[in-house]
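J.: Curious how this folds, go ahead:
(one chain, ligands or ions: 1)
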Amino acid sequence: MCGIVAYTGKRNIIDTLIDGLRRLEYRGYDSAGIAVLDKNKITTVKSVGKVQSLVDKITPAMKKELSKGKIGIAHTRWATHGIPSEPNAHPHLDEKCRFAVVHNGIIENYALIKEHLIGKGHKFLSETDTEVLPHLIDDCYEGDLLQAVAAALKKINGTFGIAVISSEHPEQIVTARKGSPIVIGVGENETIIASDISAIISYTDKVIFLNDNDIALIDKDKIDLRNIDNVPVSREIAHIDWDPGSAEKGGFEHFMLKEIFEQPDAIANAIRGRLDESLGTGTLSGLNLSAHDLVSVNRIIIAACGTSLHAGMVGEYFFEDLADIPTEVEQAAEFRYRNPIINPGTFILAISQSGETADTLAAVREAIQKGATVAGICNVVGSTIPRETGRGVYLHAGPEIGVASTKAFTCQVAVLLMMALKFGRSRRLSRQTGIELVAEIKRIPDLVRKVIATAKDIEKVAKKYAQAKDFFFIGRGYLYPVAIEGALKLKEISYVHAEGYHAAELKHGPIALLDENVPVLAMANNIPGKDKIIGNMQECKARKSPVIAVATEGDEEIRKHADDIIWVPECSQYTVPIPSVVALQLLSYYIAKERGCSIDQPRNLAKSVTVE
Ligand code: M6R
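T.: The predicted structure is shown next:
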């Protein structure tokens, strides 16, 4: 997904912009560009492909010349309107080259605006929606950059995070947001603006998160914050405690592997200080629900996308089993366009690693609009969903850089379990059962450690099946969402066609696809439903499919039904999704590695999907 960096200060402008772009690479993109302002002249360099291609285009002589500038903007583009190409890459300029703009988001009425501006003599060079912005700013300009940008933004429908420079104002940057994040890093005599704090944390830990319709003028190191209607607003300076080093690979070959191995610590962080051993409950004060609020909840709707949706599906079992609360899990994209029925007592839970996913955010806004109590389960501190819900739980998993979500999923499930425990204890769940569950939750980091210790064995299984073209993952009960998540992991990083199915559904159609070339991975851990899944494994073997079982350590019986086995330590049905999914993450990782895939940045994917 697109990334923005803008800088004003004393550092070398080229190095700083390029460093920022590299830190945003993990988001996924297909072209990149920079614009530098020096002595009332804007110079741009753009390139298709990786940031390195852009760097390769900047010759030493060019770099020397451009480095005289002290202000610049930069962008990584993930194509929406128009193919990945240099003309379509940002920054975009008006034809007099007075205004340069980088933009994340989508301008829905760009075609009408473009037609209108062409009528007034403007000439366009790209197929993008963004290019209308510098032309509109030029059209609205009456000597004040902030006012011109605000006037232009008022004419557009859609979403934007933008940074603008102008040859008429050699010391100013204007930035604004609506529906697409912008963070301003406040340094000593320098300001760095980005769409994501990863590009900022190595410069400063002091940041301002813009709200929708905020616009800011950075003039040298002064920041003038307003809303789009020109009313001054004040926003707190937040302190980010992410260690810049934690966004590096730390000796692992890929971020994904590092993040898989980090899970014991990430989960320990997610549960730290959130369990009350003597009362046998979860604390989770960020939910901000009184005892009365807790018992008033009579229905939960979980809205999320992708891996976060799968975590929500595990949560559905938790809330129903432990708290007796009817729970539905909704794809956030559907929730926003249906007419969801929200009664008093409906509690909406939005789950999102990034806190910026456009569909999940829209679901949150729809729910708030309908008067629901809405909470977020997010990882990125200060991101839009937690700010707009005002209540919820942070994962504390640390930055997740690999596009394939791993540690966020296991921390989401751990948080959902603690949340269900809290709701359950406010109802019929006994103190004793609560105390037992608290003890089980505290074992999770160790369960995960044990699975990670078998990585080499999982790698052997992966090598055996790495050339399969199709895969099925089947599960039941608490392991059904895990099967779906396992299939998603495999398809997104290895490009192997993989389907996650409820084991019982296989015979209602997909079984027709099974033969000796289609392996089936069966979640056969020792939890309720295991006997039934053994029956399903036999059905697969009867169709000659090789069967890989994920099974409980010591379950010798399972050898009769599987060709290969991945072992997971004994644990209850409540905690089993977490170590089991870690085994599937490792299997996918090693299959993708064997196939030579781009694991951290799979084709066509973006870390955070901030468009519909
Ligand atoms: O940031 P979010 O959790 O809201 O992201 C939701 C999905 O886009 C995300 O989980 C996606 O499915 C990942 N690529 C899965 O690995």
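J.: mind checking the backbone torsions on the closest residue to the ligand within the chain?
T.: The nearest approach of the chain to the ligand comes at residue 306, 2.0 Å away (C-beta to the nearest ligand atom). All C-beta spots, glycine's among them, are computed from the backbone N, C-alpha and C. Backbone torsions of residue 306, given as degrees, to the nearest 10, read phi 60, psi -130.
J.: Could you check how many residues crowd around residue 259?
T.: 26 (other C-beta atoms under 10 Å).
J.: what about it, which helix or strand?
T.: helix 255-261 (DSSP states H and E).
J.: quick one on the thing from earlier: does the residue of the chain closest to the ligand touch residue 488 like I think?
T.: Yes - using C-beta atoms under 8 Å, residue 306 makes contact with residue 488 at a distance of 6.9 Å.
J.: Give me the residues contacting the helix holding residue 259.
T.: Contacts with helix 255-261, where a contact means C-beta atoms under 8 Å, 6 or more residues apart in numbering, come from 26, 249-252, 266, 400-402, 404, 406-407, 452, 493, 582, 585-586, 589, 599-600.
J.: Low-confidence stretches in this protein?
T.: Scanning the chain for pLDDT under 70 picks out the ranges 1, 27-28, 242-251.
J.: 50 instead?
T.: The chain contains no residues with pLDDT under 50.
J.: max-length strand in it?
T.: strand 169-178 (DSSP state E).
J.: Report the contact partners of the closest residue to residue 464 other than its chain neighbours.
T.: In space, and not counting its chain neighbours, residue 464 is closest to residue 564: 6.8 Å by C-beta to C-beta, 6 or more residues apart in numbering. Listed by C-beta under 8 Å, 6+ apart, the contact set of residue 564 reads 461, 464-465, 546-549.
J.: sorry, back to before: among the contacts of helix 255-261, name the buried ones.
T.: 26, 266, 400-402, 404, 406-407, 452, 493, 582, 585-586, 589, 599-600 (16 or more other C-beta atoms under 10 Å).
J.: Check those and tell me the two furthest apart.
T.: 26 and 452 (22.3 Å; C-beta to C-beta).
J.: quick one, phi psi at residue 448?
T.: Dihedral angles (degrees, to the nearest 10) for residue 448: phi -70, psi -40.
J.: That one and residue 397, how far apart?
T.: 13 Å (C-beta to C-beta, to the nearest Å).
J.: try residue 406
T.: Residue 406 is 9 Å from residue 397, by C-beta to C-beta.
J.: Residue 33 now?
T.: The gap separating residue 33 from residue 397 is 32 Å, by C-beta to C-beta.
J.: Check residue 357 too.
T.: 16 Å.
J.: go on, residue 164?
T.: The spacing between residue 164 and residue 397, counted by C-beta to C-beta, is 34 Å.
J.: and the residue nearest to residue 383 when sequence neighbours are not counted, how many residues sit next to it?
T.: Excluding its sequence neighbours, the residue lying closest to residue 383 (C-beta to C-beta, 6+ apart) is residue 355, at 2.7 Å. Counted with other C-beta under 10 Å, residues neighbouring residue 355 total 28.
J.: Ok, the one 4 residues further on next?
T.: Other residues near residue 359 come to 23 when the count uses other C-beta under 10 Å.
J.: Mind telling me what element it is part of?
T.: Short version, using DSSP H and E: residue 359 is in helix 358-369.
J.: what's the angle between the helix or strand that that helix is followed by and helix 358-369?
T.: Next helix or strand after helix 358-369 toward the C-terminus (DSSP H and E): strand 373-378. With axes from the mean of the first three to the mean of the last three C-alpha atoms, to 10 degrees applied, the angle from strand 373-378 to helix 358-369 works out at 160 degrees.
J.: picking up where we left off before, in helices, which of the buried ones among the contacts of helix 255-261 appear?
T.: In helices, judged by DSSP state H, the following of the buried ones among the contacts of helix 255-261 are found: 266, 407, 452, 493, 582, 585-586, 589.
J.: Out of those, which is nearest to residue 59?
T.: Among these, and counting by C-beta to C-beta, the member closest to residue 59 is residue 493, at 36.1 Å.
J.: who's in contact with that closest one?
T.: 256, 403-404, 588-589, 592, 597, 599, 602.
J.: From these, pick the one nearest residue 232.
T.: Using C-beta to C-beta, the contacts of residue 493 come closest to residue 232 at residue 403, 39.0 Å.
J.: helices or strands next to the host helix or strand of residue 317 in the packing?
T.: Taking DSSP H and E as the criterion, residue 317 maps to helix 306-323. Packed against helix 306-323 by the contact rule (3 or more C-beta pairs under 8 Å, 6 or more residues apart in numbering; DSSP states H and E) you find strand 299-304, strand 327-331, strand 346-352, helix 407-425, helix 480-494.
J.: Pull the distance from that helix to the chain's centre.
T.: 18 Å (C-alpha atoms, centre = their mean, to the nearest Å).
J.: Kindly export the helix holding residue 259 (C-alpha atoms) in PDB.
T.: Taking C-alpha atoms only, helix 255-261 is exported to PDB below (Å, rounded to 0.1, in the frame of the first residue of the first chain):
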ATOM      1  CA  PHE A 255      10.900 -10.600   8.900                       C
ATOM      2  CA  MET A 256       8.200 -13.300   8.800                       C
ATOM      3  CA  LEU A 257      10.500 -15.900  10.400                       C
ATOM      4  CA  LYS A 258      11.700 -13.400  13.000                       C
ATOM      5  CA  GLU A 259       8.100 -12.600  13.800                       C
ATOM      6  CA  ILE A 260       7.200 -16.300  14.100                       C
ATOM      7  CA  PHE A 261      10.100 -16.800  16.500                       C
END
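J.: Check the separation of the first and last residues in stretch 279-289.
T.: Start to finish, the residues bounding stretch 279-289 are 17 Å apart (C-alpha to C-alpha, to the nearest Å).
J.: any residues touching that stretch, and which ones?
T.: 273-276, 297, 373, 375, 390-394, 415, 417-419, 421-422, 425, 430-438.
J.: how about the nearest residue to residue 524, chain neighbours excluded?
T.: Nearest non-adjacent residue to residue 524 (C-beta to C-beta, 6+ apart): residue 549, at 4.4 Å.
J.: Looks to me like the one you found is in a strand.
T.: Yes - assessed by DSSP: H, G, I helix; E, B strand; the rest coil, residue 549 belongs to a strand.
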